[in-house]
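K.L.:
A structural model of the following input is requested.
(one chain, ligands or ions: 1)
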Amino acid sequence: MSLTLHDITLTYADGEGRLTALDGVDLDVPAGTLTAIVGPSGSGKSSLLAVAATLVTPDRGRVVVGGTETGALSAAERAELRRRRMGIVFQQPNLLASLTALEQVELMARIDGHGRSAEIRERARELLATVGLADLAHRRPHQLSGGQRQRIGIARALMNTPALLLVDEPTSALDHERGAAVLDLLGRLTRERGTATILVTHDRARLTVADRVVELVDGRVRATPGSPSQCGT
Ligand SMILES: Nc1ncnc2c1ncn2[C@@H]1O[C@H](COP(=O)(O)OP(=O)(O)OP(=O)(O)O)[C@@H](O)[C@H]1O
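P.N.:
I've put the predicted structure just below:
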């Protein structure tokens, strides 16, 4: 499933005026490719992700997900699209206090009735192991560190094999080795499953996993020197 953003402008209320967070952004993420978004703090990276996730409606522009014009959908239809087709990893994962790590990851698959119970449990365990939490599957959020909670968010987003994967700073709370493993996993899933993936990161050292690197500066796309894949943005 592909994602296309056409001429996206997003402003926020800022005192008396408006602050322009995104300013005419065009972005095309074909199925089976991973686009990394880099740029200074406040350049609009998280805003771009929120627009792509259809969580925030831009002032101007179009968001097309798998050929569907999301602007034409109702709020309920957008929620359904997110739940069924998207995996979204926020910097702060919203975990349920009463569920164990394993149960958090299983939850979405259970809601959607994806597969048999034993298969769901097995897949959730595998994903927790991939993010390095195999031994902590029984813990509840308050018994885990911030980084461990973020890793649950990553495992949870991958559970329903999303067609569109939107990931905000996945490695900020991970050590080097674990961060590399998570990025490798995202790259592999993207290619094997034809996922369209956007990865917001500060971590330029690990951008080899990306098919394309897009730099945002003051809410605009700037061509990144040295990236062979900048054409078309
Ligand atoms: N809800 C909001 N209301 C008003 N201004 C906002 C809001 N969210 C973000 N902004 C502003 O919009 C601009 C873009 O913010 P955004 O969070 O998209 O940047 P970012 O590149 O993700 O930053 P960081 O790397 O620090 O996470 C910033 O100037 C920010 O202060």
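K.L.:
okay, now residue 218: neighbour count?
P.N.:
The number of residues packed around residue 218, counting by other Cβ atoms under 10 Å, is 14. Quick note: C-beta positions are derived from backbone N, CA and C, even for glycine.
K.L.:
er, residue 106 I mean
P.N.:
When counting by other Cβ under 10 Å, one arrives at 24 neighbours for residue 106.
K.L.:
with residue 152 instead?
P.N.:
Using other Cβ under 10 Å, residue 152 has 26 other residues around it.
K.L.:
mind showing which ranges of the protein have poor pLDDT?
P.N.:
The model of the chain has pLDDT under 70 over residues 113-115, 170-174, 223-233.
K.L.:
now with 50, please.
P.N.:
When residues are selected by pLDDT under 50, those of the chain lie in 226-233.
K.L.:
residue contacts, residue 127?
P.N.:
For residue 127, the residues meeting the contact criterion (Cβ atoms under 8 Å, 6 or more residues apart in numbering) are 105, 155, 158-159.
K.L.:
columns neighbour count, secondary structure and distance to the ligand on top of those, output as CSV?
P.N.:
Compiled in CSV, these are given as follows (neighbours: other Cβ atoms under 10 Å; DSSP: H, G, I helix; E, B strand; the rest coil; distance: Cβ to the nearest ligand atom, whole Å):
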residue, neighbour count, secondary structure, distance to the ligand
105, 29, helix, 25
155, 29, helix, 22
158, 26, helix, 22
159, 21, coil, 25
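K.L.:
now the two most distant members of the residues you listed.
P.N.:
Greatest spacing in the contacts of residue 127, by Cβ to Cβ: 105 and 158 (8.6 Å).
K.L.:
reduced to three states, what does the residue nearest in space to the middle of the chain come out as?
P.N.:
When the chain is reduced to its mean C-alpha position, the closest residue under Cα atoms, centre = their mean turns out to be residue 166, at 1.8 Å. Here residue 166 takes the strand state, with states given by DSSP: H, G, I helix; E, B strand; the rest coil.
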